[in-house]
Structure formats: C-alpha cells, structure tokens
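Novice: Give me a 3D structure for the following:
(2 chains)
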There are 2 protein chains.
Amino acid sequence: MANKAITSRDVDFGKWYTDIVKAAHLADYSNVKGCTVFEPNGYAIWEKMQQVLDGMYKETGHKNVYMPLLIPENLMEKEGELINGFAPEVAWVTIGGQKELEERMCIRPTSETLFSDYYASKVKSYRDLPLKYNQWCNVMRWEKETRPFLRSREFLWQEGHTVHATSEEAEKETRDMLETYKTFFEDYLAIPVITGKKTEKEKFAGAEYTLTVEALMYNGVSLQSATSHYFGQKFSRAYDIKFLNKNNELEYAYQTSWGSTTRMIGALIMVHSDDDGLVLPPKIAPNQVVIIPIGNNDKVNSFVSSTYDKLTESGVSVYIDNSDKSPGFKFAEAEVNGIPVRLEIGERDLAKGILTIARRDTKEKMEISKDIDIVEYVKELLNTIQSDMYNRALKRRCKQTYECHHLREVEDIMNNHPGFVKAMWCGNPDCELKMKEIHGTKSRCILEEEQPIDDKCIVCGNKAEHLVIWGIQY
Amino acid sequence: MANKAITSRDVDFGKWYTDIVKAAHLADYSNVKGCTVFEPNGYAIWEKMQQVLDGMYKETGHKNVYMPLLIPENLMEKEGELINGFAPEVAWVTIGGQKELEERMCIRPTSETLFSDYYASKVKSYRDLPLKYNQWCNVMRWEKETRPFLRSREFLWQEGHTVHATSEEAEKETRDMLETYKTFFEDYLAIPVITGKKTEKEKFAGAEYTLTVEALMYNGVSLQSATSHYFGQKFSRAYDIKFLNKNNELEYAYQTSWGSTTRMIGALIMVHSDDDGLVLPPKIAPNQVVIIPIGNNDKVNSFVSSTYDKLTESGVSVYIDNSDKSPGFKFAEAEVNGIPVRLEIGERDLAKGILTIARRDTKEKMEISKDIDIVEYVKELLNTIQSDMYNRALKRRCKQTYECHHLREVEDIMNNHPGFVKAMWCGNPDCELKMKEIHGTKSRCILEEEQPIDDKCIVCGNKAEHLVIWGIQY
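Specialist: As a prediction, this is how the structure comes out:
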C-alpha cells in the first residue's frame, strides 16, 4: 500500500519528488524566496555526507579553512570569465551599518576569487607548495526557478582550492578529486556515475577544463553531481600568484578547484526512493536500523535494550521508537523516512522464538531466530542492501543508456523514454546547440577512454572527434 | 628564549595577541574589510570545538537544521526589540540577479526571526513540543572596530533555538545550556568561568532575560564567552507560534536561544598562551603530540613509527614532523603552534635508552626510559597538562578578582591592574552608566547564588539588590 501523502513517481515525477522531501521531513519551503529550510532529517544526511567526504579529503592531505562570505566587486572582476559567468546570478550587498557602501560586495557564488587573493599573499617559493585547502560553507546564486536541494538560491557545499608548482601535479589533483567523487557516489551513495570532461561550452567559467560526475535519475533525466576544474595559470595570472621555482625563476602557479553540494541529497532521492517514501543506502543513512517494540512488558523491553546495546557497540547506528504511536504508524514512519532496516520485537514473536526484520529497499519481511547473532546478521544485511541498491541503479542506468547514430533516434528517446545517449560529436558548439533543440538535450561529458562508436558527428555528419554522453538535465 | 616574531604580552597585550594569531597561522587579514581568513590551524581548533559541543547538544536531544542566510525586512521587523537592537549593524542585500529587489533582505545577524517563522508553521499541539534545534553557520554584524576571532563582521557560531509547551521547561533549557557552556569552558578549554544573569541593560534584545558565561583574560579584561536567553512568549506573540495545550486551549509557546562563537578561540589564546606562542589545552588541541625524529636511521625511524602507531591506536592525536627542517626549527614551530606534548626520538638518546619529552605549557623537559609504557605515560601527561592549565588560570582569576565597597577602589583597580570586581548594586541603570565612566567598566552579570557583601549600592549608596561582577570588556 503506497503512502497516501506521496504522488506516484510514474504519474508525476516532479510532484513525487517534492512530496518525498516533505513527507520525509527533509526540507521545507521558507518565507525567503528561493531558499529552503533544511529540516533535521535532511540536515542529518548532509552531516553524514560531510563526515565521509571530509575524511577522504583529510586522508589525502587537504586542510579545511574558511574564507569571507562577501567579495568586493573589484576583487571579483579580476578574472574576466568568472565574473562574466556569475554576474547575472549574484546578490549584492550595498548597505552595511546603515551606510551606503563605497564599493558593493557580492555574496560568494563560489570562492576562486578569495582563495586566489589569499594565495597571492602566501605563496613565495616552490617550498610553500602545494597548498591543498577546502572549505565547507554556504553560497548564493540568484536562480529564478528553484527546487529543494536541486536548485536553490542558497545552498551548502564544499569547495576545494589547491595551488601547485607544476601543471602535472595540478592536473593529477584534478583527476584524483574526480576519482574521490566517483568513489563517494558509487561506494556510499550507491549511485553509479559516468565521469568525463565537459565540452568548452559546458565547462566552468574560468577553467582550462572541467571534469564531471554525471548520474542518471529514475526518470531518465541527468544530474551534474560534482565537478573538478583545472585552472592552469588563468587565476594565478589574474591574481598574481607567483612563486620561485626550483630553477629560482618566478613562475605563475597552477590551480584547481572542485566542489560537491547539497544537491547530492536530491540525487539520492531521485535514484533510490519509491512511492512509499525515502530509501537510503545504509552507508549514508544517519539511522541504519530502527527497533520497534511491540507490546510493553519486561521480556520485550529487556530484549529490545540488549539488542540496541549490541548493535550500538558494534558501530551500527540504531534507535528505538518508544513513542506512544501504534506499531503500524511506526512502521509507516520508518518507511517514509527511509530507515534501511526495521527490527520488530514483539511478545508473541519472542514466545515463538523469533524476531521480524524488514528491508526498506525491497520491503521484504523475514522471520529470524531470536538467538541468531544479531550483530553479524544486521551487518551482513546492511551490506547486502547497499550493494543491491547500487546494482539495481546500475541495471536501470544501463537500460536507460542508448547508443545513437541518427538524430531521429535521439528525438525518439528523449520524447518517449529519456536517458543517457551515447553519440559521436565533431567538436563544433553549433552541433551542441542543434542537439539542445531536442528537449534541451545537452552534452553531459566527453568519454575519454571509450572506443568511438561511429566516425561521423551525429548532428552534422562531419568527421567525429569525441564520443559524448548527452542528456536532458536538471 | 622568547619567539622573536611575538611581542611580549606584558609589554603590549594587543600586539601580542595579533602576533600570536599570525605566528601560529590561526587567521589572517583579508582584503574584505573587517573579515578574517580562518587558516588551517585556526579552523582545526574550531572543528574540534564543534565536535565536542555538537556531541553535547545531540546527547541532550538537540537536532541540527539549517535556515536561510537572508532575512526579508518585513520578517525581521516583527519583533520590535530585536530589530532595534540589530538595525545599526546589519548588511543589506538590495540587488539580486541584476535587479533591484522589491524588498531588501539583511544577512542574518542572528536567526530568532527565521526559526520563529518556521516554528509558527510547524507547531500545532503540545504533542509537537519541545522542538530543540541548533544550527552551525556564519552570521554578519557590521562592526566598526574588528579583531581576529574577538570581533569581526562575519563570524562562525552555533545558535540553538528551542520551543516548549511550558515556561518551566523553557527556563530549565535556558539554564541547562548555560551549564553545558560552563562544562565546555572548564573541562575542555581549561578556562574557569563565572555564570550569572545579565542586567536589563546588558541583556539580549528581545529576551526576557539573558544568562552568560564570563571569563577573565590574562590582562584582566573580561570576555562575554557564551550566552543563553529565555524569551518567554515574546517571539511567539510576535510570530504567532500558538499550540493547543493539554487543556485543549490555544497558548503561545515558550522559547529559548543560546549561542557560542569563534570568539572562543580568542579566549583560548588570551587565557593560556605565552610569549613563545600558542598554548592549547590537550582536550581541544587538534594535534596533542608531535614526534620529532632526530637523525635519520633505521633504529630511529622504526622507533618513531611504532610509537606513532601505539599512540594513534589508543586515541591520542599525534603527527610526525618529517620535514627537512632542522630539529631546532621543528621545536620552535611545535612551540608556536601550541602542540601540548613534544616527543624527541634521537639516535644518541636511544643508545642511552631514553627519550626526551617536553610539555608546552611549562616548557619542562623530561628524560624517560625508552621502555616505558608510552601510551600510559603520554595520556597521564596530557591529563596533567589539562588540569594544570585550568588550575593556573583559576588561580590567576582569583588573584584578579576583587571585592569592592567604594568607587575609588574600583578606579584604583581598573587604572592599575584590571580584573573582575565584585560589588553590590541597587538595580538602577543610572548606576551602571556611572560605573561605565571608569574605563568603560560594565556589569558582567548578577551573581544569583552568592551571599551579599554589603547592604548598599557601591555607586549611589541606596539599598543594594544584587551582587554583581563588573569588568572592562572586549
């Protein structure tokens, strides 16, 4: 029986999405236009994501810092492509302390500017390099159409910014961080991703090139899920970041940046959830197991608390739902909130020597002996759920990925059952514009390592240069 | 031998403070006026503070959320005292997406407004209560004079906001959070604090009353270090937060808020550090131990790495300084950065069967047998350092706390050797203004639990109502 508060995803995917966000108490609209309130369930997922990613960054030698929120206009303007890219969507502070400011300042849409300005004052010699910094913060982009987690005027993210003495090292960093994102998506979020290089048209303003992690949602729409940029010397020239290299010559430094945002929560929802609510992969679920006592007597209570203790001690995150609601209500609540495993401990079951355990992803219910090694059983089940969720998402994505050789095939796909389209491209941005006429289909990324599937550009028929993944985007 | 980059704190305390901030790479000035860059060493202390406080909040049933950065003017104005208090020091966004906004929005100076607006839409019944939420975020107050960590236009903080069904429960929350702060300051930061109630004049704009944690710095200046506010029904009336109580009657809810900021890093510096740099209490130090290898041979290296492994496994945070700098340089660097314990492992020492271990707080050097149980030894040493640091700070504060019965005594103290002054007060704000003429001496808080020391107000001589702690403030 589907949750009545949730529209079916096959009926109206957009409505289904916002219903899930609301029903699982992830976020709420606020009276600040275009901004959302992150509610406890949503913010807890973000904290879990932060914890995992932060650990990965620190393990690879990155350090956290914090740069100012505001960027003075003259500082922002130093790198021309960046300001051109972001000018239409920044918010400007013009009054501070009841006075008109001499120079207006924008709320950071991204912080290349401030990091570069800081690095210019710190980097003197190759001995100071590399500097590998990251920050967790809020940013603002004045979007017109907004949607919780996917696109909002303010969002939370991490932005890594690094400086290196050689282009090789900086390019390696750019690729390493792409790999980190890929690992995070696949191993933790259970979301298979495609990685590759953005076209010139789609790259980040100010980057030499942009690498990207692209995922496919349940409805076949693609989501740019994290990006890693190689800047070469573009910012170091604009902000004057020079260092003495090993040959004692002044050289402009090489930079990267890479970011991932609260949009990842949107990806989690759109890949895994169903008509009954949220479905969370165990490795990112703030609560992995809920124990629901049925009946209230000493036997039940003592079994509940000893099970809780055992699981907690072994590192499983578990809570007991001891509220005065009915068991049925508690089941539905755990379901809509996406708790991976539900453990029901009841008087009658105990008398029969069993417990009931339910998987959120498949909704299977199993009866297990109450004398089982519960820690081992639950841990194995959590692992199974994690890999099953990944495999299901991968299978779906494979089914929704098409090789095309003619534009009419792309039209047919995007009209009837959208997904990823693999097709050859000549490298001409005009062909990208032409493709965009098909429901806004854009190049997602250039697949650098796969074999060509044709020798002609799918749009113009000229010699093909790249195999590209195309898709309709969020 | 004192660090040459650092002015002596007895010569010029203000200069000493900024020298420490710079030399220990805690923060740097930025090209954004009044805002600082939190560098890795400074941000790591903040992360450690967050980790400890966040754990304490969650253990007591609080949940993290995230509210928008911007507050529309009409929403901000609903509670009159709050907007009056903050109006002179907010920053206004007037342009977004290249258009003049219809209604300007301020960058949050604090978020009572947004939490209350959110609660108004969520709270329906006493069954929804309490809601105990907290957020970690940046806020902005357009200060004129700024100083790293102590006062800057943008700072980082946590702000807890709770709603309750009864005044008793909300008042208990207000006191409980004050106690949490006291515990954190004393047990983790090793800073003794005085707690009490702010006078009407000094309380938070919009609060029924404000409880505060006050600490005394090395130079006798006091620092308001964290505050906890009881709002009663002030905000619930302004924002219409009503609920059906147990008698099925509509009632305005009872609220609290409480906050602590990156200012705590400033307190750490000004209480514990010395002319050689930062001194960090072990429980808040991101790195508790540094191992410095002296010489580079197999014996040294294998002893270093086995020691590192043992300490790490036992939960001590330790790093090895393997850089190509000289040992003397490494010692000085560990010293200026405030690493609590330095372990020197050298070839000649090992041949003699010893290691050298140095305490940062006292600068004592000890020779210990290389066969000692190093984990137990280091853990005990860290505990000793933690409690010694607290006791030294407490002893100094006691010495710098004076009981006064006449204004001329206060003048003498504040002129020559400032500190906390205990004196009786009649309750009249005019007497507070009179006291302020003495170097800006202000009431820090009313001591609610101590016995009166006089029956007359120290200023006007009328009947005394309260025993008050007074001080010059940051």
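Novice: now for the worst-scoring helix or strand of chain A on mean pLDDT, which elements pack on it?
Specialist: Of all the helices and strands that make up chain A, helix A:80-86 has the lowest average by mean pLDDT, DSSP states H and E, namely a mean of 86. Under the contact criterion of 3 or more C-beta pairs under 8 Å, 6 or more residues apart in numbering or on different chains; DSSP states H and E, helix A:80-86 touches helix A:73-76. From N, CA and C alone the C-beta is placed, and that goes for glycine too.
Novice: related to what we said a few turns ago, can you give me the offset of the least confident helix or strand of chain A from its chain's centre?
Specialist: Here the centre of helix A:80-86 is set off from its chain's centre by 24 Å, with C-alpha atoms, centre = their mean, to the nearest Å.
Novice: any idea how far the residue nearest the centre of chain A is from B:Val316?
Specialist: With distances taken as C-alpha atoms, centre = their mean, A:Met264 lies nearest the centre of chain A, 2.4 Å away. Separation of A:Met264 from B:Val316 (C-beta to C-beta, to the nearest Å) stands at 34 Å.
Novice: before we move on, what about A:Asn391?
Specialist: Where B:Val316 is concerned, A:Asn391 sits at a distance of 41 Å (C-beta to C-beta).
Novice: Next: A:Thr256.
Specialist: 33 Å.
Novice: who has more neighbours, these two?
Specialist: In this view A:Thr256 and B:Val316 are compared by other C-beta atoms under 10 Å in any protein chain shown, and A:Thr256 has more residues nearby, 28 against 19.
Novice: hang on, the earlier thing: residue contacts, the residue nearest to the centre of chain A?
Specialist: A:49, A:189, A:225-226 (C-beta atoms under 8 Å, 6 or more residues apart in numbering or on different chains).
Novice: Now A:Gly232: phi and psi?
Specialist: phi 50, psi -130 (degrees, to the nearest 10).
Novice: Let's verify A:Glu432: helix, strand, or coil?
Specialist: Judged by DSSP: H, G, I helix; E, B strand; the rest coil, the three-state class of A:Glu432 is helix.
Novice: State the distance from it to chain B.
Specialist: Per C-beta to the nearest C-beta, to the nearest Å, A:Glu432 is found 25 Å from chain B.
Novice: likewise A:Val139?
Specialist: Counting by C-beta to the nearest C-beta, the gap from A:Val139 to chain B is 10 Å.
Novice: That residue against A:Gln158, yeah?
Specialist: No. Using C-beta atoms under 8 Å as the test, A:Val139 is too far from A:Gln158 to be in contact (10.4 Å).
Novice: Check the offset of the helix or strand containing A:Trp470 from the chain's centre.
Specialist: A:Trp470 belongs to strand A:466-471 when assigned by DSSP states H and E. Per C-alpha atoms, centre = their mean, the displacement of strand A:466-471 from the mean C-alpha position of its chain is 21 Å.
Novice: Please apply the same query to stretch A:290-310.
Specialist: The answer for stretch A:290-310 is 36 Å, by C-alpha atoms, centre = their mean.
Novice: Wondering if it reaches chain B at all.
Specialist: No. On the criterion C-beta under 8 Å from any C-beta of the partner chain, stretch A:290-310 is out of touch with chain B, staying 15.9 Å away.
Novice: buried stuff in that stretch?
Specialist: Using 16 or more other C-beta atoms under 10 Å in any protein chain shown as the test for burial, stretch A:290-310 gives A:290-294, A:300, A:303-304, A:307-308.
Novice: any idea which of those is closest to A:Glu449?
Specialist: A:Glu449 lies nearest to A:Val290 out of these, by C-beta to C-beta, at 42.6 Å.
Novice: so that closest one bridges to which residues?
Specialist: Assessed by DSSP bridges, A:Val290 has beta-bridge partners A:Tyr319, A:Arg342.
Novice: which residues does it contact?
Specialist: Counted by C-beta under 8 Å, 6+ apart, A:Val290 has contacts A:318-321, A:330, A:334, A:339, A:341-343.
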